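Trainee: Here you go, sequence then predicted model.
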Amino acid sequence: MRWLKFTAAGKTSWGIVENDQVVAVDGDPLSEWQRSSRTYPLGDVKIELPLIPRTFYCVGLNYLKHLKEAADKRGEVPAVPDRPEIGYRAQNALIAHDEDVVIPSFATDKIHYEGELVVVIGKKVKHLTEANAMDCVFGYTIGNDVSERSWQKADRSLWRSKNADTFKPMGPWIETKANLARMETVVRVNGKETNRFYTNDMIFGVVPFLVELTRYFTLWPGDVIWMGTDGASPDIKHGDVVEIDITGVGTLRNRFVREGQ
């Protein structure tokens, strides 16, 4: 099932995408809901953020190629992690499908994308095991972990390099039936393919992260976990449009604009 948060006729609600139509629902898919009689052409609605997460988790270096490229740029030997590690991102950075990523006027040209699978949690859980970890997964969406690399190098944290306003596009919807084993992530800039990798070819997959996370934290419905990326990004400039496609999930598209241009 494909769940969409959308605005139509001045009202924002949840809906189910069926072919090129959106069937509005009353209620919330993470609690109780029922189908309504209201339907809209998908092309006529404003796609909103799928949700605002209670906690916004984000995996760092979780693909070998990305890990090696990052180490090469620093002139270091890549250190493959021996256990799942995770960080956080800021809700203020979230924007929806087809909304603009705004590059601050004083940022450098080192603006990069990272196409990521996003895991959406569907119920309250703690102390998961490998056997039951996937039971808490409601579905998947797509994230673009935008970075300003000069800030990332200059700071001791990622407070501005990854969390500036609009630096975290997410969407367009939540797909509950996608198959991890068959997923491929493809990134295009202005229609030209710039990156392609098997989405599930992670150093640590979804299950190990869920198990590790819930040793310490309670996961709640609506929490999200961004699972990292592979490969490298070109420098993104004013006017570029980045599309991230994940098999069975959909396509997240956002234009990049420099403030003041």
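Mentor: That came in fine, so what should we check first? Numbers count the residues shown, from 1 in each chain.
Trainee: Domain-wise, how is the protein divided?
Mentor: 1-48, 49-258 (automatic domain parsing).
Trainee: I'd like a version of these in CSV, one that adds mean neighbour count and mean pLDDT as further columns.
Mentor: Bear in mind the C-beta positions are built from the backbone N, C-alpha and C, glycine included. Shown next, in CSV, are the domains of the chain (neighbours: other CB atoms under 10 Å; pLDDT from 0 to 100):
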stretch, mean neighbour count, mean pLDDT
domain 1-48, 15, 97
domain 49-258, 18, 95
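Trainee: Would you map the helices across the stretch 51-200 of the chain?
Mentor: Under the criterion DSSP state H, counting those that start in this stretch, the stretch 51-200 of the chain contains helices at 64-74, 149-154.
Trainee: between those, which one is nearest to Thr194?
Mentor: Nearest of these to Thr194, taken as CB to CB: helix 64-74 at 13.5 Å.
Trainee: Validate this expectation: Val23 resides in a strand.
Mentor: Yes - Val23: assigned to a strand according to DSSP: H, G, I helix; E, B strand; the rest coil.
Trainee: what's the closest non-adjacent residue to it?
Mentor: Among residues not flanking Val23 along the chain, Ile16 sits closest, at 4.8 Å (CB to CB, 6 or more residues apart in numbering).
Trainee: Specify the beta-bridge partners of that neighbour.
Mentor: Under DSSP bridges, the beta-bridge partners of Ile16 are Trp3, Val23.
Trainee: My read is that it contacts Val25, right?
Mentor: Yes - look at Ile16 against Val25 with CB atoms under 8 Å: they come within range, at 6.3 Å.
Trainee: Against Arg255, how distant is the nearest residue to Asp235 once chain neighbours are set aside?
Mentor: Using CB to CB, 6+ apart and skipping residues adjacent in sequence, the residue nearest Asp235 is Asp109, 5.1 Å away. Using CB to CB, to the nearest Å, Asp109 is found at 17 Å from Arg255.
Trainee: and if you look at Asn163?
Mentor: Distance from Asn163 to Arg255, by CB to CB: 20 Å.
Trainee: can you check Ala133 too?
Mentor: From Ala133 to Arg255 the distance is 36 Å (CB to CB).
Trainee: any idea how far the residue of the chain positioned farthest from its centre is from Gly115?
Mentor: Distance from the C-alpha centroid of the chain peaks at Ser37, with 30.9 Å (CA atoms, centre = their mean). Using CB to CB, Ser37 is found at 37 Å from Gly115.
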